[in-house]
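*Asks:* fold the following for me, if possible:
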Amino acid sequence: MERTYLLKGLDCPNCAAKIEREAGRLPGVTDAVVNLMKQTLTVRVDPDAASEADGGELLSAIEKIVHVHEPDVKVSEKGAGDKAEHQHAQGKTCSCCDDGDDDHEHHHEHDHEHGNSHEHGHSHEHGHHHGDEDEDEKGSIGLRVGKLIAGGVLLLCGLLLPLFFDLNPLVRFGIFAAAWLIAGYDVVWNAVRGILSGEVFDESFLMTVSTMGAFAIGEYPEAAAVMLFYQLGELFQDVAVDKSRDSITALMDIRPDSAAVRRGDEWISVSPDEVEIGELVLVKPGEKVPLDGIVRKGTSAVDTRALTGESAPAYWNPGSCALSGCVVSDGTLEIEVTKEAGESTAAKILELCESAADNKAPAETFISRFARIYTPVVCVLALLLAVVPPLILHGGWAEWIRRGCVVLAVSCPCALVISVPLTFFGGIGAASRRGVLVKGSAYLEALASLDAVVFDKTGTLTRGSFSVTEVRPVKGATRDEVLELAARAESCSTHPIARSVMEAYTEIGEIAESDFTGAKEIAGRGVSVIWENREILAGNAALMKEKGVSLPEGEAACGTTVHVAYGGEYMGSILIEDSLKADAADAVRGLRALGVKRIEMLTGDGEGAARKAAEALALDGWKSGLLPDGKMRRIEELLAAGSKTAFVGDGINDAPVLARADVGIAMGGIGSDAAIEAADAVIMTDEPSRLIDAVKTARRTCRIVKENIWFAVIVKAAFILLGGLGLCGMWAAVVGDVGVMILAVLNALRVNR
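*Replies:* The predicted model follows:
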């Protein structure tokens with residue numbers, strides 16, 4: 001049994017990891033996952049150890065855990081309504097990212113997950129809440145900047161006044177103590193609260209003990225400076241986290257709060273959830289398309305960047321497929337709704353984006369485990385350094401305590417616990433801007449190390465729509481004559497093959513329906529019509545045989561062949577194929593250039609069509625005529641060989657293979673709902689070449705993560721060693737802590753470029 005709790009205002013990766021860890025230890029809880037993007041905590045409860053009756057106790061326990069780390073966060077069980085929220089918003093928020101902003105609280109007003117559409121009823125309040133939260137955010141940042149300025153002024157006064165005045169030592173101590181207290185009173189309080197709750201070894205504890213130790217040995221300026229610069233680094237870190245989150249949350253604003261639907265003779269504004277399939281919605285210039293559908297009236301250029309990452313506008317006309325979340329630019333459209341709100345493209349993208357933080361990469365989980373061990377070890381090391389040498393040497397307490405304080409101050413793990421998830425956040429956002437939605441950092445990390453990529457054919461490497469590729473006339477007939485005869489016959493059919501013939505003939509002329517009579521569609525074979533008192537046949541070889549028309553020998557083709565006869569005489573054939581996408585070859589070449597060792601194609605199509613596509617793309621291997629179990633067996637073979645494998649597909653039959661591969665990648669535009677749900681990443685533009693961008697982004701992200709890990713570990717180890725040897729003081733500790741954190745965060749933000 002799962003329960004989900006809203007944590008409105010949660011904005012700190014480090015605190016989120018602590019909440020997740022402690023919630024997982026609660027009685028009856030088997031697993032806990034914090035999603036920082038959605039600001040939720042999802043817990044799995046053992047049915048034998050919990051019942052519906054103890055939901056209130058679990059909520060209280062979770063609320064207590066959350067408020068130890070972020071007291072301003074509002075905790076409520078999802079679906080319980082606003083009245084169920086438990087709020088104890090007193091004091092400071094995050095123990096390592098103070099004054100956590102509520103600037104993303106409004107996302108929960110737009111939780112578009114399937115099955116929770118009732119929440120949209122409050123969507124009209126979005127603007128009001130957003131405005132309030134912006135004001136709260138500005139006020140919070142202003143307060144923090146104000147206290148940093150006040151603390152900085154006092155620190156400068158303490159440093160400069162002795163140059164001009166003979167200050168009393170007590171006054172000097174008071175100035176630095178005031179600077180320290182103004183800058184870090186919340187850090188001290190969080191340290192006390194952590195000790196009382198059993199969470200002793202955290203960043204607040206390190207900063208509090210190290211700076212109080214500096215005061216104890218008379219290094220007043222250093223104590224105040226360490227606290228001041230630590231808080232400055234935390235402020236910078238919070239701003240960086242918010243900006244990185246914005247790279248993803250920009251996608252969250254793709255669904256409008258209302259839809260203009262035609263009811264009777266008037267257009268009325270309702271929630272998108274209240275619009276039914278088949279109704280007409282009106283979208284004016286500058287407005288977002290609220291629901292998926294088909295354009296019935298109007299033409300317009302459309303901005304599809306939120307969905308596809310494509311900057312060039314699309315153009316919609318009557319009959320065009322309209323996707324929710326796109327912005328109409330210069331025309332008014334009437335759209336017939338084909339999907340309910342919960343099944344629309346915008347809703348699915350929202351769900352994908354909101355779920356992106358659920359699947360953590362191994363690097364993220366490693367850093368969380370590392371920080372839990374690292375901090376206590378460093379604290380013990382600093383204590384031993386401050387106590388053991390003076391006992392052995394019978395003196396020098398002040399010097400060794402100073403060294404211990406330096407070690408504590410420099411050892412804060414913020415550079416790691418913040419920069420790693422921040423980098424993955426940025427990587428997911430960067431991929432989304434390129435039209436690839438990745439469902440979690442675990443899959444982003446897997447994309448970075450692919451050995452093999454396996455493609456489905458139809459709809460993935462090919463367009464998924466038929467087109468005429470060749471006309472083969474015989475008996476002195478011309479190409480145009482064969483195509484015209486076929487078009488006259490196929491004009492009475494709605495089959496995709498018939499449409500492809502008609503599209504090819506529009507380049508020559510138009511067919512008047514009155515030109516022929518007796519139109520008849522013969523199931524599984526083709527069509528026939530009477531034109532100028534003679535019968536036109538267009539269909540497969542079985543139809544020709546049935547009507548007694550002789551076919552020439554050697555009619556072999558890779559695609560679908562439409563044979564054409566007129567008055568019992570064979571006129572020629574038309575070859576119809578599902579052509580390769582324009583960027584399919586670029587995708588294969590690009591993946592090879594990135595070092596992917598094997599690229600294959602698995603398809604249910606016939607051997608001829610499969611061979612032609614595979615040879616055109618110069619693939620390493622291909623298999624045709626496969627059912628889903630056949631594709632699964634080949635993926636299992638690659639996985640068993642130790643290859644990190646991605647499968648790219650679009651159909652319902654691809655869903656099992658997408659789920660089994662290391663990384664399943666679905667085509668978001670034409671892909672089935674089952675394929676998109678089973679996949680780990682979605683290409684919104686249906687362009688296979690976007691996979692190149694995804695792999696590049698993933699590799700860049702993982703490279704930056706490794707850079708930050710090694711940089712932070714090496715620099716901190718060096719400063720801990722220098723501090724222990726007495727070769728650097730508290731001022732150097734500021735560089736070793738805040739400087740490393742700022743550089744790591746700046747490096748993490750490079751992934752957004």
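*Asks:* quick check: residue 270 touching residue 256?
*Replies:* No - assessed by CB atoms under 8 Å, residue 270 is found out of contact with residue 256, at 11.3 Å. To be clear about C-beta, it is placed using only N, CA and C from the backbone, and glycine gets the same treatment.
*Asks:* how about residue 404, nearest residue that isn't a chain neighbour?
*Replies:* residue 386 (3.2 Å; CB to CB, 6 or more residues apart in numbering).
*Asks:* is it true that that neighbour touches residue 400?
*Replies:* Yes - if you go by CB under 8 Å, residue 386 and residue 400 touch, sitting 5.2 Å apart.
*Asks:* run through the helices of the stretch 301-450 of the chain in chain order.
*Replies:* Counting by DSSP state H, counting those that start in this stretch, one finds helices in the stretch 301-450 of the chain at the ranges 305-308, 345-354, 362-393, 397-410, 414-433, 441-447.
*Asks:* sorry, that was for the stretch 651-753 of the chain
*Replies:* 655-660, 673-678, 690-724, 730-734, 740-749.
*Asks:* which among those helices is found nearest to residue 147?
*Replies:* With CB to CB, the closest approach to residue 147 among these belongs to helix 730-734: 17.9 Å.
*Asks:* can you tell me what sits against that closest one?
*Replies:* Residues external to helix 730-734 that are found in contact with it (CB atoms under 8 Å, 6 or more residues apart in numbering): 210, 214, 219, 222-223, 225-226, 229-230, 402, 405-406, 409-410, 719, 722-723.
*Asks:* what mean pLDDT does it get?
*Replies:* Rounded to a whole number, the mean pLDDT of helix 730-734 is 76.
*Asks:* just stretch 146-165 next, same as before
*Replies:* Computed over stretch 146-165, the mean pLDDT rounds to 89.
*Asks:* and what of stretch 191-204?
*Replies:* 76.
*Asks:* which of the residues in it are buried?
*Replies:* Neighbour-count burial for stretch 191-204, with 16 or more other CB atoms under 10 Å as criterion, is recorded at 191, 193, 194, 199, 201, 202, 203, 204.
*Asks:* from the middle of its chain, how far away would stretch 142-152 be?
*Replies:* Taking CA atoms, centre = their mean, to the nearest Å, one finds stretch 142-152 lying 35 Å from the centre of the chain it belongs to.
*Asks:* contacts for it?
*Replies:* The contact list for stretch 142-152, computed with CB under 8 Å, 6+ apart, reads 98, 99, 179, 180, 182, 183, 224, 227, 228, 231, 232, 235.
*Asks:* using CSV, write out every CA atom in that stretch.
*Replies:* As requested, C-alpha coordinates have been extracted for stretch 142-152 and formatted as CSV (Å, rounded to 0.1, in the frame of the first residue of the first chain):
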residue,chain,number,x,y,z
GLY,A,142,15.5,40.0,1.0
LEU,A,143,15.6,39.0,4.7
ARG,A,144,18.6,36.7,4.1
VAL,A,145,20.5,39.3,2.1
GLY,A,146,19.7,41.8,4.8
LYS,A,147,21.1,39.7,7.6
LEU,A,148,24.2,38.9,5.5
ILE,A,149,24.8,42.6,4.9
ALA,A,150,24.3,43.4,8.6
GLY,A,151,26.7,40.6,9.6
GLY,A,152,29.2,41.7,7.0
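*Asks:* okay, now residue 688: neighbour count?
*Replies:* Number of residues near residue 688 (other CB atoms under 10 Å) recorded here: 26.
*Asks:* ramachandran coordinates for it?
*Replies:* When read as degrees, to the nearest 10, the backbone of residue 688 gives phi -60, psi -30.
*Asks:* for it, give its distance to residue 643.
*Replies:* According to CB to CB, to the nearest Å, residue 688 stands 19 Å off from residue 643.
*Asks:* out of the helices of the stretch 651-753 of the chain, which comes closest to residue 428?
*Replies:* Per CB to CB, nearest to residue 428 of these: helix 690-724, 8.3 Å.
*Asks:* OK, contacts around residue 396?
*Replies:* Remark: with contacts taken as CB under 8 Å, 6+ apart, residue 396 is in contact with 389, 390.
*Asks:* how about a cut-off of 7 Å?
*Replies:* Residue 396 makes contact with residue 390 under the criterion CB atoms under 7 Å, 6 or more residues apart in numbering.
*Asks:* just to revisit the earlier point, can I get the helices of the stretch 301-450 of the chain in CSV including mean neighbour count and mean pLDDT?
*Replies:* Listed next are the helices of the stretch 301-450 of the chain as CSV, based on neighbours: other CB atoms under 10 Å; pLDDT from 0 to 100:
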stretch, mean neighbour count, mean pLDDT
helix 305-308, 22, 64
helix 345-354, 24, 63
helix 362-393, 16, 79
helix 397-410, 24, 85
helix 414-433, 28, 79
helix 441-447, 26, 87
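*Asks:* right, so of those, which gets closest to residue 168?
*Replies:* Judged by CB to CB, the one of those that comes nearest to residue 168 is helix 397-410, at 21.8 Å.
*Asks:* returning to what we had before: let's have the helices of the stretch 301-450 of the chain in CSV, adding distance to residue 496.
*Replies:* Rendered in CSV, the data for the helices of the stretch 301-450 of the chain read as follows (distance: least, CB to CB, whole Å):
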stretch, distance to residue 496
helix 305-308, 24
helix 345-354, 23
helix 362-393, 45
helix 397-410, 68
helix 414-433, 32
helix 441-447, 34
